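1. turn this into a structure:
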Amino acid sequence: MRRLDAEGLLVTRAYRGTHIVRLSGHDVVELYAVRAALEGCAAVSGLDVLRAEHLEAMEEQLDGLDQAARAPDWDRVAVLDADWHSHITMAGSNARLHAMWTTSNGPLRVLFARAAGSIYRPEQVRERHATLLTVLRAGDPWTIEQSIREHYLFTARHLAAHVEHGNTTQSHSGKEHVTFVRSHTPGNRVSIAKAIIAG
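-> Below you'll find the model as predicted:
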């Protein structure tokens, strides 16, 4: 429970208890925008540390991302993706920034794992991260921030569409179906806790 709370996956309301967070499509876009802004800031402010201490490890992790996507194991991809991007926020040497990034990432990781197979072809996972890694190596601050923003914007738009339309999606493997069920709660939010997985 503590880990779920720390990652922003739980919400507590007076007299109503604690529930898994519910996201609208607008929430998804906002959270990805926050994640991109924090990550871009960390990348630029910690660029020397990033290039000296993290880029080689990020290069090595591309194989794991690729293997998980081709399995396909999108839950594993979501975990490895968060680990890969955390190198960037850790390089910024700003504990509060990293904590805020972790909180914004929690709900998104759950949603990403359930829907990514219908958004990406397996080979795109490595390609997208390798492209971003090349930009980080080049070291131009403006290009880094723009590339991180664009990296997340593509995912944000597609995940938001899944949430808002309550889509039933099929992964490229043809083995997993995910249904996001629209709930009639204030604010027109969607419960990601009620994703139905049929293997």
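2. name the element Val110 belongs to?
-> In the assignment (DSSP states H and E), Val110 maps to helix 95-115.
3. mind listing what's buried in that helix?
-> Of the residues in helix 95-115, those buried by neighbour count under the rule 16 or more other Cβ atoms under 10 Å are 97-98, 100-115. Heads up, the C-betas are built off the backbone N, CA and C, glycines and all.
4. cool, stretch 117-137 as well?
-> Buried residues in stretch 117-137, counted by 16+ other Cβ under 10 Å: 117-120, 122, 125-126, 128-129, 132-133, 135-136.
5. for Ile88, state which of these is nearest.
-> Closest to Ile88 out of these is Leu136 (7.6 Å), distances taken as Cβ to Cβ.
6. state the helix or strand in which that closest one lies.
-> When secondary structure is defined using DSSP H and E, the element that contains Leu136 is helix 122-138.
7. packing partners for the next helix or strand after that helix?
-> As assigned by DSSP H and E, the chain's next helix or strand after helix 122-138 is helix 141-165. Contact analysis of helix 141-165 by 3 or more Cβ pairs under 8 Å, 6 or more residues apart in numbering; DSSP states H and E lists helix 25-45, helix 95-115, helix 122-138, strand 190-198 as its packing neighbours.
8. switch these over to CSV; also include distance to His162.
-> Conversion of the helices and strands packed on helix 141-165 to CSV gives the following (distance: least, Cβ to Cβ, whole Å):
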stretch, distance to His162
helix 25-45, 8
helix 95-115, 5
helix 122-138, 17
strand 190-198, 9
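9. quick one: which of those is nearest Asp66?
-> The minimum distance between Asp66 and the helices and strands packed on helix 141-165 falls on helix 122-138, with 4.1 Å, by Cβ to Cβ.
10. got the CA positions of that closest one in CSV?
-> Below are the C-alpha coordinates for helix 122-138, written out as CSV (Å, rounded to 0.1, in the frame of the first residue of the first chain):
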residue,chain,number,x,y,z
PRO,A,122,7.6,-4.3,-30.8
GLU,A,123,10.5,-3.0,-32.8
GLN,A,124,9.4,0.6,-32.1
VAL,A,125,10.2,0.4,-28.4
ARG,A,126,14.0,0.1,-29.0
GLU,A,127,13.9,2.5,-31.9
ARG,A,128,12.2,5.3,-29.9
HIS,A,129,14.6,5.0,-27.0
ALA,A,130,17.7,4.7,-29.2
THR,A,131,16.7,7.9,-30.9
LEU,A,132,16.3,9.7,-27.6
LEU,A,133,19.7,8.3,-26.5
THR,A,134,21.3,9.7,-29.6
VAL,A,135,19.9,13.2,-28.8
LEU,A,136,21.2,12.9,-25.2
ARG,A,137,24.6,12.0,-26.4
ALA,A,138,24.7,15.1,-28.8
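11. what's next to it, contact-wise?
-> Contacts with helix 122-138, where a contact means Cβ atoms under 8 Å, 6 or more residues apart in numbering, come from 43, 47, 50-51, 55, 58-59, 62, 65-66, 68-70, 72, 77, 81, 84, 88, 120, 143-144, 147-148, 151, 172.
12. noted, bye for now.
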